[in-house]
Structures are given as structure tokens and as C-alpha cells.
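Return atomic coordinates for the entry below.
(chains A, B, C, D, E and F)
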There are 4 protein chains.
Amino acid sequence: MEVSARGRPRSSDLDQRILAAARDALAAGGYEALSMEAVARAAGVGKQTLYRRWPRRPLLVMDAVLPGVPPGVSPGRGQPDTGSLAGDLAAIVAEQTRADQAVGQRLLRGLVADCLGQEDLTEVLRARLLRPRLRAVGVAAERAARRGELAADVPPALVAEVVAGAMLSRLLLLGTRPDELAFGRRLARLVAHGVCLPASNGAARPPDG
Amino acid sequence: MEVSARGRPRSSDLDQRILAAARDALAAGGYEALSMEAVARAAGVGKQTLYRRWPRRPLLVMDAVLPGVPPGVSPGRGQPDTGSLAGDLAAIVAEQTRADQAVGQRLLRGLVADCLGQEDLTEVLRARLLRPRLRAVGVAAERAARRGELAADVPPALVAEVVAGAMLSRLLLLGTRPDELAFGRRLARLVAHGVCLPASNGAARPPDG
Amino acid sequence: MEVSARGRPRSSDLDQRILAAARDALAAGGYEALSMEAVARAAGVGKQTLYRRWPRRPLLVMDAVLPGVPPGVSPGRGQPDTGSLAGDLAAIVAEQTRADQAVGQRLLRGLVADCLGQEDLTEVLRARLLRPRLRAVGVAAERAARRGELAADVPPALVAEVVAGAMLSRLLLLGTRPDELAFGRRLARLVAHGVCLPASNGAARPPDG
Amino acid sequence: MEVSARGRPRSSDLDQRILAAARDALAAGGYEALSMEAVARAAGVGKQTLYRRWPRRPLLVMDAVLPGVPPGVSPGRGQPDTGSLAGDLAAIVAEQTRADQAVGQRLLRGLVADCLGQEDLTEVLRARLLRPRLRAVGVAAERAARRGELAADVPPALVAEVVAGAMLSRLLLLGTRPDELAFGRRLARLVAHGVCLPASNGAARPPDG
DNA sequence: GTGTAACCGAGACGGTACGTCGAGTCTTTCC
DNA sequence: GGAAAGACTCGACGTACCGTCTCGGTTACAC
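Purely as a prediction, here's the structure:
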């Protein structure tokens, strides 16, 4: 039911030139060096042409550097099934961390910085940075539940939130360090089994208040 | 043995006028509405005077809205000792969430946004937003360890990171919801006891790989 | 074969609004009161728009108050031919003085003050304040030479320089007084006939050394 | 009758340090580079101390670079008496030009630029740049009058004004060129004998209108 | 074909904030 | 009260981007 495309169609060649110019600018001077003005200039493109496609800077940057979701692929693609929740979580953390490092921590921080100020952009950020992680962890948690591994009163969403939150806060605030792999394993173990010794009395898992 | 203060001393009265003007601007239009220009104007102060004290906007905002650390008070002040790690964690999350809500989620996001782009400001952010939380959780974890509640191979810093990360990512990305108290309890229980059912065999706490 | 004007053309309406605002500012507070900032504000125009046309304050002021050379008019327009060099010079001085008084001595001083510090502006000043006077006097001197009135060894340019110099130094330093007309006549006679009594011997006009 | 000097007397050593700093600044970056701020800094002197002595920048510069009038010396010092008005004028122009070149044309233009905008400073400028020249020419003219060389109806002040005006406009606007000596001779001859051929009829010196 | 509508480069435009600079004045402490 | 230091008000500077707009001109589809 799309209204028939009238007028001159957009040149998809320009999309590429613009994205390339954006990536160049990011590589050259980081997120700060990327102004819409500069990108248009470098791409040899009018500002209107740029704004028509990406009305906000973060949207452009996301399309330039974040891996697009390949259409028609199931969300659980590539997710390992190691047989235990702890193993799955460690694998997810490792994979996400690798992806983040490919993009670059500085760039991601700049991007988040530019989104957090406005609610609509924050929502986009959630969609592209946060929700994929929540989903990945959630899927693993649900699999664990089906397997009977998960305690009955633990909502998979909570697990997802804790794991994703730890990943993101490291990425954005703390800074990731080379031993990210080990961190993933520790985090997975913590989430799976908790930090407390099993108490001899039954109080170890009191009912939820 | 500070070098004797030469020249005219800075007027602490102006400090207050500036901070008040900053708070007004924040209250009126949120973080975005606060420009150094506007604050100087509203405070009836030259821009130089403002830049002399707070050379960057986030520094001004932090001093305007974040609770300063009262000098000479032990870092562990006010921390409850509920007798269990889970209880302590829930209390900490509740307290921090309350404090964050007093400042305001929108404002905090704007502030973080303005800092993340530059490393030096990110460091300040760590010092004022992140480390107090890490420290609070760390203290509770160490107390639990002394109590014998904590598993031997769990570093308190990891606990701190996970809990603080979950809090912050909710604050910054997910958005806190009214039932923050319940979230705190759930998070605390998750961290304390994990999400997996205790396995009948001894594999529940395998040694760290 | 000017390259075809690309992009949005400048609005000539804005030119007028800016010049009007400049004249208002000059009328209100003299040269000192005219800041680029104030003109842009008063004209309801962005500063960039102002700087794009007049990148320096003196250039704006000149276009605002100095009579532009009407295109296609011969440079000698309006120059009187009284039949004698002395008469012509007196007429020129009178006319220029009248024009200067129309602009205002204070304003002209401010303008010159703002130009003298930089060589490029001084050159513009020469083009718009000095050279028209040199040309006017030079034309009269050449006419006198053709008429056989001028001594053979007197370069017209020297006459021009002396007369224009006397006018300008009065304007800028000494200050003109109400009897400017009489000054013009005296100056003209001095230049034409010198100040010395004709010597009885032929030494009155010794050859140039 | 001087009121008794109270408090700490001013250190004349500081005067010298300040003047030296001013000269350094002028030498380094021309008139524009000399700000009161910079001079105070370079001289290691408080701004108040500087302003107490030279409340305006041009006053400081004048004292720094213009030859002070040595006290108790007759104003006509060093003025040659060549026996003819033309000779005296040429000598005066030559001497003044030499003095101006010692100070520097760029610096003098900057100085004049800084004075012209305000009437009080313009008056000081007259006193130090213009009147000495007027006086020198005036003295020569009066000597010529006593000698019987000058036409009866020519006021010496007019001669002074024309000669000084020609000198100053060259200095400030036209720019002096290396052949300043020749200019002086030509100017002197022009002023002495005029530019017109003596007419055969008696109309050469018509009575003043 | 000939509208008509959207695209396109270029750059003008109003607006807003930036961070710096200099002029003078004021306020300390020290001498 | 002189002096050094530096805080202070004021206001302009010139630049940079933002996001919108107006040009001349170019495609493409629809009639």
C-alpha cells in the first residue's frame, strides 16, 4: 500500500558516499570530529541531502558503524548452546565484548553521550545497543528454564538486565580491560550460582517478598 | 604550607549565586537549557568569573546537584548492616535509587551524556557517580566475607561491579520504574544466591577456570 | 563569463537592513557605539550574515556613510572650472569640506582610527578618502598645465598631495572650523602663488636641485 | 606648595621597567601587541601600578617612544637658519622625517589610530606630534617675515599648517618613500614660490578676498 | 511530450553558544 | 598609602554548528 514513488528516487550511491565520509571522519577525529556539516562537505553532498536521510547525527553514526541486523535472520542467530546457563552467559559476554571492541569504546561512548540527552534517541539506543543483549541473555535464560536449570521464581528478564547492565556499565563507564574473557566467566558464574555459600538451613533461597 | 593566598580572594558569595543560578536553569529547562552563557547571565556574573571556577559545564552541574562528600566523614557512613549480604545490597540499591530520583533521571542522563565524550570528564563521572556505589557494595561484600557468608573465590570488587552496573544501566538506559524497591530486592537475591537451582551433585560451585 | 552563481543568492534586502542599522548605531552613539554585535542584533540578522558581507567593521562603516562612486560616471564629475588654478582649488576644498561635514568629523576620525592600525584597511582608506581628493586636485592641476598656467617643473601630483594633505590633516587632527571657506581660498592662493614676494633678481624660481 | 607626599613614594625604577617592557612589546609585535595587560605582566608589575602612571595606552606609548622635550631648552633648538624660507622648510621637513623614521611609520600609525577616537587623546596627539612641527615652521616663517621675504598678507600660521599637514598626511596615509629628502625640497619650493608662472599682468598676487 | 514531484549541490540564513580577550576597577596582603 | 596579585564586571570578538530555506538544475514517473 505504499504510495507510488513519485519524483526522482534517492540515489543509493549517495548513501554509501555519506556513510563512508562519516566513517572517515570518525576514524580521523573520533565522534567529536563528526559534525553533519563536515560529513556533508566531505561527501560532496548538500546538507539537505544528508538531513533527508539521517535527520540526527547519532542515527547517521549508528548506521555507519553498528552492525545492521541482517533482515530475515532469527534473533537467536549464532548463539551457542553450551549446555549450561553459565557457559551460555560467558559465551554471550565474550561475543558482545568482541563486537564492542571492533567498533571502539571511545566511539561508543561518544554515541551514547549524544543520545542520552534526548528521549527519542535514547529509545533508539536501547533498540540497537541494549535490547540485542537483553534478548540474547533472555533466550539463554529461557533455555535454562526449559532445561530445569533455573530457579522457578527468577524471571529471565531480570537475569538479562543484570548481565547486560554489567556489560554496558563496563563499556561506558569503567572501561573494558584486556581480560574481558575472564570477566565474562566470572560474571556468568556469579549470576548462575550467586556469591553466598549455601547455608545449611533452608534459608538460602527464601521465597520472594 | 600552602603558598600564602595572594591577590584578591575569590568571593564565596559568587560561588553560591552561580550554583543557585545553575540549579534554577536545570529546574527550568533541564540539562539542555543550561548553557554557561545563560548561567553567567542569570547569576549576574562575568563569564570569566564562571569559567575560572568551573571550566566545563558538567563540573558545574555536578557541584550544583550532586551531594558533595561531607569532609571528614567515613566513607561507610549511613550504610545499614542488616545482617545478610542480600539485605545489605537491597538497602544500598534502595538508598541509591532514592538519591538518583531526588536528582532526576533526565538530568543525570544529560550530565552523563555531556561527560562520556571526553575522557577527563568520564573520569570525574566515575569518581562521583560510580565509585561511591562500588565502594558501598564493596564494603557490604567485605563485611559478608568477614562474616563467612561469601564464597571464598568471589572477589568483592566483582560483586560491586555487577550491582553498580545494574543500577546504572537501569538509570541511564532502561529507565527506573516505580517498583524500584522490588527490583532492589530481586537483584540482591540474585547476586546472593544465583539463579540456578542447587545441583544435587557437587558441580554447583565448580572451581574458577 | 562569471561562474554561474550557485547556492542561494544573498538577499540584497538584508544589505539594506544592515546598512540602515549601522547608520542608526552611528547616529545614536558615534563610531564607538557601533559593534558588529550590535549591528547584527539591530538588523535582526545572524552575525555570520553580517561578517559574510563586511568582514571588518570599517568596511561596513565606509559603505554605510561614505558616498559610493556612482558607476559609469566620469571621475571628474562635478568639478568646477573657474578658469584659474586658485579658483579651482578653492572650489575643490570647499566642496570636499562640505562633504566631510555631512558625514561628520567625529565619525571620520573614528573610522580612520580603526583603519590606521592595519595596512589593508589603510589601503582601503586611501582608496576612499584620499585618492578622490588627489584625483580632483590632480585634474585641476593638469588643466592648469594645459592652460599654460602651471610652471613647467611642478608635477601635478605634488600639488595634489599638498592640497589633499592640508585638507586631511585639518580634518583629522586640527579640526575644521566654521570659516572653512576662507581657509580654502587662502590655501588655494598659497599653493598657486607661494608665500614669498617675487624677488627682483631672477632667483625666484631657481631650477630644481 | 605641593601637598606633602604621603605614603610610600612611587618607585622611579618601576617607571623604567614599565617603559622598557612597553618598548619590548612594541618591538616584538607592533602597536597591536601592546596591551596594558601584557605590559604589566612583562614588567612584573600590578595593573594598578601601571594605570596609576599611565591611565591610557597611548600615553604610555608616547612616553615610551617619542623623544621627550628636554626641559629648559628653547623650542627653536637645532633649527637651521639657511638664509631662505625655502631652505629652512626643506631642512625642517628633512629633520622631522628622519625623526619619524626613527620611531617607525607603523608604530606612529598605530598610535594615532588609538588616539583619534577620543578627543582628549587627540589633543595630546596634537601637542606631541603636530604642534612641534607647526612651531618649527612658524618660527621659520616669522624669521622670513622679519627678513622681508614673506608677502605681507600671508599669516605664518597658514604656512605652518600647510607644511605640517603635508608631512603628516604622508606619514599617516600615503606612506613615506625613500626619496623623502627630495620631497622636502619640492614642498619647500612650492610653498615659497607657488606653482603658477608669474603672470605678466599684476594679477599674480591679487588682494586677499 | 509534458507536467509534476522529488532529488540534488550549493550556500545563505537566523540563532545560539562557544571560549578568549582586553579594559578598567576593586579587594586582598604585604611593606 | 604604594605595591603585587589577581578577582571582578562588562562587553565584544570571530568561529562553529545547528537545522531550515532558497536557488538553479536534474531525474524519473504519470498522464
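
for the helix or strand bottoming out on mean pLDDT in chain A, packing partners?
Taking mean pLDDT, DSSP states H and E as the measure, chain A has helix A:180-193 as its least confident helix or strand, at a mean of 89. Where contact means 3 or more C-beta pairs under 8 Å, 6 or more residues apart in numbering or on different chains; DSSP states H and E, helix A:180-193 is packed against helix A:85-103, helix A:156-169, helix B:156-169, helix B:180-193. (Each C-beta comes from the backbone N, C-alpha and C, glycine too.)

shouldn't residue A:164 be in contact with residue A:132?
No: at 9.0 Å, residue A:164 does not count as touching residue A:132 under the criterion of C-beta atoms under 8 Å.

Settle it for me: which of these two has more neighbours?
Here residue A:164 and residue A:132 are set side by side on neighbour count (other C-beta atoms under 10 Å in any protein chain shown), and the busier one is residue A:164, at 28 against 17.

how far away is the closest residue in space to the more buried one that isn't next to it in sequence from residue A:95?
What sits nearest to residue A:164 in space, not counting adjacent residues and going by C-beta to C-beta, 6 or more residues apart in numbering or on different chains, is residue A:133, at 4.0 Å. For residue A:133, the distance to residue A:95 under the criterion C-beta to C-beta, to the nearest Å works out to 10 Å.

so where do the helices sit in chain A?
All helices of chain A, identified by DSSP state H, fall at A:12-29, A:36-43, A:47-53, A:57-65, A:85-103, A:105-116, A:119-125, A:131-147, A:156-169, A:180-193.

List the buried residues of the fourth one.
Within helix A:57-65, the residues that qualify as buried by neighbour count (16 or more other C-beta atoms under 10 Å in any protein chain shown) are A:57, A:58, A:60, A:61, A:62, A:63, A:64, A:65.

give me the low-pLDDT residue ranges for chain A?
Applying pLDDT under 70 to the predicted model, the residue ranges of chain A that meet it are A:1-4, A:69-78, A:199-209.

Tell me which residue of it lies closest to DNA strand E.
When C-beta to the nearest atom of the strand is the measure, chain A has its nearest residue to DNA strand E at residue A:7, with 1.9 Å between them.

That residue: how many residues sit nearby?
Using other C-beta under 10 Å as the criterion, the residues surrounding residue A:7 number 5.

contacting residues for it?
The neighbourhood of residue A:7, defined by C-beta atoms under 8 Å, 6 or more residues apart in numbering or on different chains, contains no residues.

Distance of it relative to residue D:107?
65 Å.

one step back: can you list the helices and strands packed on helix A:180-193 in TSV and add distance to residue D:12?
Formatted as TSV, the entries for those read as follows, by distance: least, C-beta to C-beta, whole Å:
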stretch	distance to residue D:12
helix A:85-103	68
helix A:156-169	67
helix B:156-169	66
helix B:180-193	74
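
and of these, who's closest to residue D:25?
Proximity to residue D:25 (C-beta to C-beta) singles out helix A:85-103 among the helices and strands packed on helix A:180-193, at 51.4 Å.

Kindly calculate the angle that the closest one makes with helix A:131-147.
170 degrees (axes from the mean of the first three to the mean of the last three C-alpha atoms, to 10 degrees).

which residues sit in contact with residue A:44?
Residue A:44 is in contact with residue A:17, counting by C-beta under 8 Å, 6+ apart.

Give me the distance between it and chain B.
Between residue A:44 and chain B the distance is 27 Å, computed by C-beta to the nearest C-beta, to the nearest Å.

Chain neighbours aside, what residue packs nearest to whichever residue of chain A sits closest to chain C?
Scanning chain A for proximity to chain C using C-beta to the nearest C-beta identifies residue A:46 as nearest, at 9.3 Å. Using C-beta to C-beta, 6+ apart and skipping the chain neighbours, the partner closest in space to residue A:46 is residue A:40 (6.6 Å).

so the one you found touches residue A:47, yeah?
Yes: the pair residue A:40 / residue A:47 is scored as a contact, 4.7 Å apart, by C-beta under 8 Å.

Next one: the residue most central in space within chain A from residue A:17, what distance?
Using C-alpha atoms, centre = their mean, the residue of chain A that lies closest to the mean C-alpha position is residue A:129, 2.5 Å off. As defined by C-beta to C-beta, residue A:129 lies at a distance of 26 Å from residue A:17.

Check the offset of stretch A:39-46 from the chain's centre.
Once both centres are worked out by C-alpha atoms, centre = their mean, to the nearest Å, stretch A:39-46 turns out to sit 29 Å from its chain's centre.

how about that stretch, does it reach DNA strand E?
Yes: judged by C-beta under 7 Å from any atom of the strand, stretch A:39-46 comes into contact with DNA strand E through A:44, A:45, A:46.

Which positions in that stretch come out as buried?
Counting neighbours by 16+ other C-beta under 10 Å, stretch A:39-46 gives A:39, A:40, A:42, A:43, A:45 as buried.

so how far is residue A:24 from the first one?
So that's residue A:39. If you go by C-beta to C-beta, the gap between residue A:39 and residue A:24 works out to 9 Å.

what's the answer for residue A:174, then?
Per C-beta to C-beta, residue A:174 is found 30 Å from residue A:24.

Equivalent analysis for residue A:117, please.
25 Å.

Check residue A:40 too.
When distances are taken as C-beta to C-beta, residue A:40 and residue A:24 turn out to be 13 Å apart.

Residue A:100 too?
On the measure of C-beta to C-beta, residue A:100 and residue A:24 end up 21 Å apart.

which parts of chain A sit against chain C?
Taking C-beta under 8 Å from any C-beta of the partner chain as the contact definition, chain A does not meet chain C anywhere.

ok, 10 Å please
Residues of chain A lying near chain C by C-beta under 10 Å from any C-beta of the partner chain: residue A:46.

show me what contacts the residue nearest to residue A:53 when sequence neighbours are not counted?
Excluding its sequence neighbours, the residue lying closest to residue A:53 (C-beta to C-beta, 6+ apart) is residue A:15, at 6.5 Å. Taking C-beta atoms under 10 Å, 6 or more residues apart in numbering or on different chains as the definition of contact, the neighbours of residue A:15 are A:43, A:49, A:53, A:54, A:63.
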